[in-house]
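Enquirer: What follows is a predicted protein model with its sequence.
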Amino acid sequence: MKKNIIVLLGALLLIGCTQTGDSSQAVSSTGSSAEEPVNSETALPEDSAVEETEQPEETEDTAVNQEMLKPGIWTAAQNEELTRYFVFYDNMTGLDLDADSGKGMTFEYKIEDNEIVFYMGTTKNEVSATMEKTDDEHIALSWSYGESETIHWALDVPEGGLTFYSSRDLSDKCLDYYEAHHEGERPEEVAWENNLDGTVTFQLFDELDDHISTSAWYVIDRFTAKGKDANTDEEIDLTEVE
């Protein structure tokens, strides 16, 4: 009887050792699986990649404001040929002056966004233009009646007031000046070109049978009536012959 109990106890101990060994093996396998490295290239889904944000293209600022359209004398040209002057004062008034004839008209104006509105003359006739800055010194005007001009700031209005000589007036003075300084000799003809810098170039000449005989070339500032002889660099003051 005692022998049978010993055998039974031995069998039970054998079974317990076998189960303990299997459990230890299972835990070891689980631990090994947990320590496997994660592949970083496949850890995230493909659609989770960060996309680069497209930057907006830089655009040139063509807006015109009151600060750019500053008070002063502005040239106005069509196809790079000067035709007239705008005089803008700091109280939102001004003058429109024809370069050749000197005829002018007063106006009031206002600026709304990129549009300038003129109220011309005593009747306040309204005309407008859209404005576009072409560079730091030029503004393109597209008029409501279909034409276009480019204006350019030339100079400040003189403190003593504006003096303006038309090209036609200056042409007569050029002939008078030449006659006064050449013993009464006076060319028959005069032609001129209005320059964008506020000067006028004059050619004094005679038309002969087979050619043109030029007597002088004068370059005159239309706001002072002073300039020089283009051939000799001699200074000229046309106010001497007034």
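Expert: Perfect, thanks for sending it. Numbering: from 1, shown residues only.
Enquirer: Which strand or helix spans Arg84?
Expert: strand 81-88 (DSSP states H and E).
Enquirer: Check Tyr178 too.
Expert: Once you assign secondary structure using DSSP H and E, Tyr178 falls within helix 167-181.
Enquirer: And that helix, what does it pack against?
Expert: Judged by 3 or more C-beta pairs under 8 Å, 6 or more residues apart in numbering; DSSP states H and E, the packing partners of helix 167-181 are strand 189-194, strand 199-207, strand 212-221. For glycine as for every other residue, the C-beta is placed from the backbone atoms N, C-alpha and C.
Enquirer: May I see the buried residues of that helix?
Expert: 167, 169-171, 173-175, 177-178 (16 or more other C-beta atoms under 10 Å).
Enquirer: Tell me which stretches of the protein form helices.
Expert: Secondary structure of the chain (DSSP state H): helices at 2-34, 167-181.
Enquirer: looking at those, which has the lowest confidence?
Expert: Within the helices of the chain, confidence is poorest for helix 2-34, with a mean of 43 (mean pLDDT).
Enquirer: so how far is the helix holding Tyr178 off the chain centroid?
Expert: 40 Å (C-alpha atoms, centre = their mean, to the nearest Å).
Enquirer: List of residues touching that helix?
Expert: 99-102, 165, 185-187, 190, 192, 194, 200, 202, 204, 215-216, 218, 220, 222, 225, 236, 238, 240-242 (C-beta atoms under 8 Å, 6 or more residues apart in numbering).
Enquirer: domain parsing for the chain?
Expert: By the assignment in automatic domain parsing, the chain contains the domains 72-155, 167-241.
Enquirer: Just put those domains in CSV and tack on distance to Gly161.
Expert: Listed next are the domains of the chain as CSV, based on distance: least, C-beta to C-beta, whole Å:
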stretch, distance to Gly161
domain 72-155, 11
domain 167-241, 11
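Enquirer: So Glu234 is in contact with Val219, correct?
Expert: No: counting by C-beta atoms under 8 Å, Val219 is not a contact partner of Glu234; they are 11.3 Å apart.
Enquirer: list residues touching both of those two?
Expert: Common neighbours of Glu234 and Val219 (C-beta under 8 Å, 6+ apart) are Lys228.
Enquirer: Between the two, which has more neighbouring residues?
Expert: Val219 (16 against 12; other C-beta atoms under 10 Å).
Enquirer: Quick one: residues in contact with stretch 221-241.
Expert: By C-beta under 8 Å, 6+ apart, stretch 221-241 touches 73, 99, 155, 158, 162-167, 170, 173-174, 176-177, 180, 198-201, 216-220.
Enquirer: What are the buried residues along it?
Expert: 221-223, 225, 227-229, 236, 238, 241.
Enquirer: Go through the residues you listed and name the one nearest Ala140.
Expert: Using C-beta to C-beta, Arg222 comes nearest to Ala140 of these, at 23.7 Å.
Enquirer: Return the distance of the closest one relative to Ser101.
Expert: 12 Å (C-beta to C-beta, to the nearest Å).
Enquirer: what touches both of these two?
Expert: Joint contacts of Arg222 and Ser101 (C-beta under 8 Å, 6+ apart) are Ser166.
Enquirer: and Thr75, what are its bridge partners?
Expert: Note on Thr75: beta-bridge partners Tyr85, His152, judged by DSSP bridges.
Enquirer: check contacts around it.
Expert: So Thr75 contacts 82, 85, 151-152, 154, 196, 198 (C-beta under 8 Å, 6+ apart).
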